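Trainee: I need the structure of the sequence given here:
(chains A and B)
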Amino acid sequence: MTALLTIEGLTKAYPGVVANSDVSMQVAEGGVHALLGENGAGKSTLVKAIYGLVRPDAGRMTLGGRSYAPSEPREARAAGVAMVFQHFSLFEALSVAENVGLGMENPPPLRDLARRISEVSRTYGLPLDPGRRVGDLSAGERQRVEIVRCLLQDPRLLIMDEPTSVLTPQEVDTLFSTLRKLSAEGTAILYISHKLEEIRALCDAATILRGGKVVGECDPRTTSAAELAERMVGMTLTQPKGRGPEPDGVLLRVTGLSLPPASQFGTPLRDIGFVLRAGEVLGIGGVAGNGQDELLGALSGERPSAKGTVMLGGTDLSRAGPTLRRQAGLLTAPEERLGHAAAPDMSLTENAAMTGAARKGMLRRGFLDWGRAKLFAQDVIDAFDVRTPGPHVAARALSGGNLQKFVIGREVLQDPKVLVVNQPTWGVDAAAAAAIRQALLDLAAQGAGVIVISQDLEELLQISDRFAALNEGRLGAPVPAQDLTVERIGLMLGGAHDMEVAHV
Amino acid sequence: MDLTSISPTLLIASLMVAATPILLAALGELVVEKAGVLNLGVEGMMIMGAAIGFIAAVESSSVWLGFGAAIVGGAVMALLFGVLTQILLSNQVATGLALTLFGLGLASLLGQSYAQMKVDGLARLDFGPLSDLPFFGRVLFGHDPMVYVSLALVAATWAFLRFTRAGLILRAVGESHNAAHALGYHVVRVRLLAIAFGGACAGLGGAYLSLVRVPQWTEGMTAGAGWIALALVVFASWKPERVLLGAYLFGGITVLQLNLQTAGARIPVELLSAAPYLVTILVLVLISRRGRGGGAPADLGRSFHASS
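Mentor: This is a model prediction of the structure:
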């Protein structure tokens, strides 16, 4: 096979960090090439350079035999390179057709464009209504908008940055069928992910990045997932272990919890009910935007609910705010690290005091004892191996994985009766994720109840005792996790929606 | 009280004149906010337009050169704001307030020696027999050219935002500057252009005050019109046609309460003077409540800095 894209000696440095150092690789024409690496390995910088969003300091690229150095995305698109972004590059208030038109060089008039969108989306099994507002679409549908936008430009190279993180397993299957069909038609695909099984199922070549350097090339179809993981991380990973005693008494009982959506594009909660026992990990899975944030908000006390809906032990906490709930032992760690779980510009000490003040005895007649707050922050740093110069550092300065260890550790060390976490390992490297999962299991083993809301199904299978699916604000009945497979969970999550396999 | 002294024809004709400065300024601010920028300096840019326009008209003895100078002056003021907020990333609210204070001060300094002078305002256009029609002749065909320019600008802005690709890009930048940047659009350039347009409109609106409506230069003559324009944009849910409605409503009640005062209505003068503000805001709030979500651009007022 001939090479479509070659990269030689590409280097890009930012102040204080070399994102890409002397990276060389080739993508074959019509091939599906995986780019593997941990967070911060330099994958994103590399594809941004290919898409013209970042100008490399050194190195050269060729596309289809010709020298290729795009200075802006427009040039990349003109050369036949299209990209589906990890965080969607969509405009919620605009229609599907307008969103597609914005990503094209010379879009036809809106009416013709709408017709072509319908055509292409039907051909590839990605049904879309061009007139709908993107803000009203599900995550899976939004991704279809991005993909259709790329397909309308007949790309020679399609870059996909972590495309499956928001999809159900069935949606992933449909996506893979579409990608295989594209590849058979001669479009090369550069596929970025850290989900190894997906890469083994889809890709025919792989480049592994670590610390901005290429550490290896391999054929993922013949390499085991464990070997790929080790080369990616640079060390052997251990699976979290240690089930606690059998769950016993009921700690938290939620019944008939309903809430209207908090915002225009939010999801309502509909009649949610479950019980959580001491020593148990309850996994709640779901595709993004099905009520995860709303459920966390209802449990944390950010949004009060009707009387009698949230009971901790014998106490009704439904109308209580976050502080009262924390005092009672119901602690939460929301998904968004910067801005929700932690205040970005405040120090770790201040952030520790914000949720830990009451339970760690930092309050004296309404005044904060900063000495204790600092000790507590230092405890969290030590116990959870947070890599930082000290508790005086601003939360913003920590890497994603380190800050996540800090915000989870801050709650774990307050001896919660019940801990609710949302996406505890999202965007966190494998080593930190393993540490966080272990900490949650240890907490349950000590007799606390833990609720893990996550979109990572492997993670939920690994650590939950029982699993329940959240779908459009409804929570299904929890089932024991040991009987489950990823496929079965997929069906519980609402299955394939209206996606269908390409039929051309 | 003698209500018969109020002629509906004259009332409507003069409300259009009274509303034009606010309409122009609000239209400019609407485009700026659609691009995701909150410029609170409308009042400052308006009064600068009023001062510069008046001075230029006196010096050149041409009202049209006055309007031209006001457009340039307003745009330059706005670009000052643009460079500070878009390139130097200063806070938009603080910079906008500073721009208003700066404009008020600079305008009274510049206008000091022009306070007693006069200009010939704009003559009404003569549409021949059309202008002689009863009622419609005066209301539709009896205005100065700037009234028609402002109405044309409303239609043009509406069509630009709704139908053109440039308008779509402008809205996209206001909705999500990060997504627009990722697709390769020049966020800062689009915003600077929008800011300049907003300043030009505000300047034009100010000049209409000092050259046509009054026509004279007095210190602080905008008297809060810029703030009304800002409020109109919000209550009009960022829709040009509703800005037109709001501006004419405001102008109408302003003229009506003046007429009521002369007719000797038994209502406290203070209440009458406050009526335009109260009624305009009330009506537009009721309208915008019916629509969903208000329609504010999602990235309104947020600074954009390309991270990579």
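Trainee: list the buried ones in the helix or strand that residue A:181 is a member of?
Mentor: Taking DSSP states H and E as the criterion, residue A:181 maps to helix A:169-184. Buried residues in helix A:169-184, counted by 16 or more other CB atoms under 10 Å in any protein chain shown: A:169-179, A:181-183. C-beta coordinates here come from the backbone N, C-alpha and C atoms, glycine included.
Trainee: what is that helix packed up against?
Mentor: Packing partners of helix A:169-184 (3 or more CB pairs under 8 Å, 6 or more residues apart in numbering or on different chains; DSSP states H and E): strand A:32-36, helix A:139-151, strand A:157-161, strand A:188-193, helix A:196-202, helix A:486-492.
Trainee: so which of those is nearest chain B?
Mentor: helix A:139-151 (9.2 Å; CB to the nearest CB).
Trainee: got the contact list for residue A:419?
Mentor: A:331-333, A:411-412, A:440, A:443, A:448-451 (CB atoms under 8 Å, 6 or more residues apart in numbering or on different chains).
Trainee: restricted to strands, list those.
Mentor: Taking DSSP state E as the definition of strands, the contacts of residue A:419 contribute A:331-333, A:449-451.
Trainee: give the buried residues for stretch A:424-435.
Mentor: In stretch A:424-435, counting by 16+ other CB under 10 Å, buried: A:424-430, A:432-435.
Trainee: now do stretch A:136-146
Mentor: So stretch A:136-146, judged by 16+ other CB under 10 Å, has buried residues A:137-146.
Trainee: and the helix or strand where residue B:137 lies, what does it pack onto?
Mentor: Remark: residue B:137 resides in helix B:136-141, with elements defined by DSSP H and E. If you count contacts as 3+ CB pairs under 8 Å, 6+ apart, helix B:136-141 packs onto helix B:8-34.
Trainee: how far does the helix it packs on sit from the chain's center?
Mentor: In terms of CA atoms, centre = their mean, to the nearest Å, the centre of helix B:8-34 is set 7 Å apart from its chain centre.
Trainee: chain A contacts on the stretch 101-250 of chain B?
Mentor: Selection of the stretch 101-250 of chain B residues close to chain A by CB under 8 Å from any CB of the partner chain yields B:165, B:168-169, B:171-172, B:175-176, B:178-180, B:182-185.
Trainee: what do you get if the cut-off is 7 Å, keeping everything else the same?
Mentor: By CB under 7 Å from any CB of the partner chain, the residues of the stretch 101-250 of chain B that approach chain A are B:168-169, B:171-172, B:175-176, B:179, B:182-184.
Trainee: which two from the buried residues of stretch A:136-146 end up farthest apart in space?
Mentor: A:138 and A:146 (13.3 Å; CB to CB).
Trainee: next up, the contacts around the residue in the stretch 51-200 of chain B that chain A sits nearest to.
Mentor: Nearest residue of the stretch 51-200 of chain B to chain A (CB to the nearest CB) works out as residue B:184 at 3.2 Å. Counting by CB atoms under 7 Å, 6 or more residues apart in numbering or on different chains, residue B:184 touches A:72-74.
Trainee: for it, which non-adjacent residue is closest in space?
Mentor: residue A:73 (3.2 Å; CB to CB, 6 or more residues apart in numbering or on different chains).
Trainee: got the confidence number for that neighbour?
Mentor: Note on residue A:73: pLDDT of 87.
Trainee: I'd say it and residue A:50 touch.
Mentor: No - shown here, residue A:73 and residue A:50 do not form a contact pair, counting by CB atoms under 7 Å, at 10.4 Å.
Trainee: got any ranges where chain B has weak pLDDT?
Mentor: Of all residues in chain B, those with pLDDT under 70 make up the ranges B:1-3, B:288, B:290-294, B:307-308.
Trainee: so the helix or strand just after the helix holding residue B:137 versus helix B:8-34, what angle?
Mentor: Next helix or strand after helix B:136-141 toward the C-terminus (DSSP H and E): helix B:145-163. With axes from the mean of the first three to the mean of the last three CA atoms, to 10 degrees defining the directions, helix B:145-163 sits at 40 degrees from helix B:8-34.
Trainee: then helix B:145-163 to PDB, C-alphas only?
Mentor: Taking Å, rounded to 0.1, in the frame of the first residue of the first chain, the C-alpha atoms of helix B:145-163 are listed here in PDB:
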ATOM      1  CA  PRO B 145     -33.400  60.800   4.400                       C
ATOM      2  CA  MET B 146     -31.800  59.500   7.600                       C
ATOM      3  CA  VAL B 147     -35.100  58.000   8.800                       C
ATOM      4  CA  TYR B 148     -35.200  56.000   5.600                       C
ATOM      5  CA  VAL B 149     -31.500  55.100   5.900                       C
ATOM      6  CA  SER B 150     -32.200  53.700   9.400                       C
ATOM      7  CA  LEU B 151     -35.200  51.600   8.200                       C
ATOM      8  CA  ALA B 152     -33.100  50.300   5.300                       C
ATOM      9  CA  LEU B 153     -30.400  49.400   7.800                       C
ATOM     10  CA  VAL B 154     -32.800  47.400   9.900                       C
ATOM     11  CA  ALA B 155     -33.900  45.400   6.800                       C
ATOM     12  CA  ALA B 156     -30.300  44.900   5.700                       C
ATOM     13  CA  THR B 157     -29.100  43.700   9.100                       C
ATOM     14  CA  TRP B 158     -32.000  41.300   9.300                       C
ATOM     15  CA  ALA B 159     -31.300  39.900   5.900                       C
ATOM     16  CA  PHE B 160     -27.500  39.800   6.600                       C
ATOM     17  CA  LEU B 161     -27.900  37.800   9.800                       C
ATOM     18  CA  ARG B 162     -30.500  35.500   8.300                       C
ATOM     19  CA  PHE B 163     -29.400  34.800   4.800                       C
END
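Trainee: circling back to that earlier point, using the three-state scheme, assign the residue of the stretch 51-200 of chain B closest to chain A.
Mentor: coil (DSSP: H, G, I helix; E, B strand; the rest coil).
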